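1. Any chance you could fold what I've pasted below:
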Amino acid sequence: MTYEHYIGLERSELLPKIQAKMSAKRFRHVLGVEQAARSLAERYHYDTEKAGLAGLLHDYAKELPDVDFLALIDSYQLDPELKKWGNNVWHGMVGIYKIQEDLGLRDQEILRSIEIHTVGAAQMSLLDKIIYVADYIEPNRTLTLTEEARRIAEQSLDKAVAFETVHTVAHLAQRAQPIYPQTIATYNAFVKYF
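-> Have a look, this model is predicted:
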């Protein structure tokens, strides 16, 4: 397995670079998402290499300090409203800039899927849906709803996106936490599949 076409590195060369950026638990998670993404890509006739790389890199910036995210927002002149959010939004929306800096990834479809993997979007490509869902159903997840989500993902990615989004919105609402506007847009676009 190689990711050379996208970042000029064999998988075996890439893994230590990723591992150096995160805890052992997070590294186990990204390996699980890589596996789930490849499996979903195969099921839905998508490029397994591209999906695998997106899965492997989706949390690359997850454990960066907040100050680094704020610096990236300034440096790339991103929407200053982003500063009001936290790591759950930043590690995708802002983390893609760190991935580009560190690894030279330029594939826009992979970057987009990583950018929106926690918030979704009203319009999602096949790869966007694969990464959004793979993050939720990867083999190391043991959430109460994960088994049901896995069954749904085998039937329909749209239904899986809807299931995940409905439960994410409900979870945040129950805790009276703010919901990122793009997540609401995802909910509105996909709730018809629920």
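2. C-alpha from now on. contacts and neighbour counts both.
-> Fine.
3. Next, the distance between the ends of stretch 82-99.
-> Terminal residues of stretch 82-99 are spaced 18 Å apart (C-alpha to C-alpha, to the nearest Å).
4. Which residues does it contact?
-> 57-64, 66, 69-70, 72-73, 105, 111, 114-119, 180 (C-alpha atoms under 8 Å, 6 or more residues apart in numbering).
5. List only buried entries from the residues you listed.
-> Neighbour-count burial (16 or more other C-alpha atoms under 10 Å) is assigned, among the contacts of stretch 82-99, to 57-62, 64, 69-70, 72-73, 105, 111, 114-119, 180.
6. so how far is the lowest-mean-pLDDT helix or strand in the chain off the chain centroid?
-> Least confident helix or strand, the chain: helix 4-7 with a mean of 91, by mean pLDDT, DSSP states H and E. Helix 4-7 sits 19 Å away from the centroid of its parent chain (C-alpha atoms, centre = their mean, to the nearest Å).
7. which residue ranges form the helices in this structure?
-> Under the criterion DSSP state H, the chain contains helices at 4-7, 11-19, 24-43, 48-57, 66-75, 87-93, 95-103, 108-115, 126-137, 146-155, 157-174, 181-190.
8. which one of those lies closest to residue 81?
-> Proximity to residue 81, assessed across the helices of the chain by C-alpha to C-alpha, is greatest for helix 66-75 (9.7 Å).
9. Mean confidence (pLDDT) on that closest one, please.
-> For helix 66-75, mean pLDDT is 97.
10. do stretch 47-59 as well
-> According to the model, stretch 47-59 has a mean pLDDT of 98.
11. Check the gap between the residue nearest the centre of the chain and residue 176 for me.
-> In the chain, the centroid-proximal residue (C-alpha atoms, centre = their mean) is residue 117; its distance is 3.0 Å. Per C-alpha to C-alpha, residue 117 is found 22 Å from residue 176.
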